[in-house]
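Asks: Got a sequence here, can you model it:
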Amino acid sequence: MKKLLFTLTVALSFFNYSIAQIDRNEIKSAMLQALEWQEAHPIIALAPTDWTNGAYYTGVARAHQTTRDMMYMAALKNQAYWNNWNTYKRFHHADDVAISYSYLYIDMNDNRKNFVDLAPTKKFLDAHLYEEDNWKAGTDKTKYGRTILWWWCDALFMAPPVLNLYAKHTNQPKYLDEMHKFYMETYNQLYDKEEQLFARDMRFVWQGTDKDTKEPNGEKVFWSRGNGWVIAGLALILDDMPEDYEHRPFYENLYKEMADKILDIQPKDGLWRTSLLSPESYNHGELSGSGFHTFALAWGINNGLLGKKHKSAVVKAWNAMAACQHEDGRVGWVQNIGAFPEPASSESWQNFGTGAFLLAGSEVLKLKE
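Replies: Here you go, the predicted model:
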């Protein structure tokens, strides 16, 4: 591990002289290399339609949106075709509709009539929102309190952007209203207004007595990727939410609160640690959380919610991320699937890490000089 940390530190040092500069050709090249490597090395946690691929292909979609490179669209269409446009099978689990973001994106960017089949997505969303379920009814309980539909913060990346985009694409605002209802449940249960960060789930909500909800340094446990899911999801939501939507100010204010906090705690080398308030627990950068943070912050700059003064922090983060990419295109330093802060290494990779890398690149490319 010490050797791996030394390697990353040395690699990052090469970028210190130019943290306010970006080379768009290099970014595009790095993104394509990441895509090509990931497509050649698929990984399946549950199924080709699971949340890991949902997050990955959301990154592919945003990369295409920015670059218009058909390599990304080819990858999107290929997976959608082999998936037969299906979601995964758990209709009351937000993870299992994340893949539909890519289907919706294809439908909005392909001129062929009836090429995309959104019927499975509609079936999922209608069941997810309108069928009775113990979580939604609040009848399931754990020792941590009442359960809800989106009981873990990651869910705010998985389902809300899909619901929001589906409402926009089909001109059915009822889906957006339902999204807001369930979003507020999660916000009220997991958002720490003092720290301006989300607990991953009720296990990590500070109760005042449970020592397990604190880090060794006494700080509350806030997972980098968990908060990355949330703030990246906010950027996606705001990108497609109507400007005059009555609840839009809530999402803008939440985004800005989290962005201020994420910027304030960014480590000097540019990469966030897996434990946001206890960086010394695993004192090395982690790419998936950093990628989602970088995407969201760059999006905020590009869309006027953050000032240009934040550009150097975003570029520093991207350059540090680029140093985590292997020569063959593989993106390392990705914490494996989990639910709380854990270490990573240069050899650890996941498809959702590649998705975070592509998301970040898609917005960094848009930064103005």
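
Asks: Give the residue spans of the protein that score low on pLDDT.
Replies: 1-20, 138-146, 206-212 (pLDDT under 70).

Asks: give me that answer again for 50
Replies: 1-7, 9-19 (pLDDT under 50).

Asks: Please enumerate the strands of it.
Replies: With DSSP state E as the criterion, the chain has strands at 141-142, 145-146, 191-192, 197-198.

Asks: And the last one, what does it pack against?
Replies: Contacts of strand 197-198 with other secondary structure elements, assessed using 3 or more CB pairs under 8 Å, 6 or more residues apart in numbering; DSSP states H and E, are made with strand 191-192, helix 224-240. Every residue, glycine included, has its C-beta placed from N, CA and C.

Asks: Let's see that with 7 Å instead.
Replies: helix 224-240 (3 or more CB pairs under 7 Å, 6 or more residues apart in numbering; DSSP states H and E).

Asks: Surely residue 279 touches residue 267?
Replies: Yes. Between residue 279 and residue 267 there is a contact at 6.1 Å, judged by CB atoms under 7 Å.

Asks: The two - which one has more neighbours?
Replies: Legend: neighbour count by other CB atoms under 10 Å for residue 279 and residue 267, higher for residue 279 (21 against 16).

Asks: ok, that one to residue 266 distance?
Replies: Per CB to CB, to the nearest Å, residue 279 is found 10 Å from residue 266.

Asks: Give me the number of neighbouring residues for residue 127.
Replies: 15.

Asks: cool, residue 67 as well?
Replies: Residue 67 - counted by other CB under 10 Å - has 19 other residues nearby.

Asks: Which residue is the nearest non-sequential neighbour of the one residue sitting closest to the centre of the chain?
Replies: Centroid-nearest residue in the chain, with CA atoms, centre = their mean: residue 229, separated by 3.7 Å. The shortest distance from residue 229 to any non-neighbouring residue, by CB to CB, 6 or more residues apart in numbering, is to residue 157 (3.9 Å).

Asks: I figured that neighbour hits residue 234, correct?
Replies: No. In this structure residue 157 lies outside contact range of residue 234 using CB under 7 Å: 8.9 Å.

Asks: So those two - more neighbours on which side?
Replies: Set residue 157 next to residue 234 and count neighbours by other CB under 10 Å: residue 157 wins out with 31 against 27.

Asks: Enumerate every residue touching residue 231.
Replies: 255, 258-259, 262, 292-293, 296 (CB atoms under 7 Å, 6 or more residues apart in numbering).

Asks: okay, those residues in CSV with neighbour count and distance to residue 357 next?
Replies: Output for the contacts of residue 231, formatted as CSV (neighbours: other CB atoms under 10 Å; distance: CB to CB, whole Å):
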residue, neighbour count, distance to residue 357
255, 24, 21
258, 22, 21
259, 23, 20
262, 26, 17
292, 33, 10
293, 30, 12
296, 29, 14
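
Asks: No further queries at this time; thank you.
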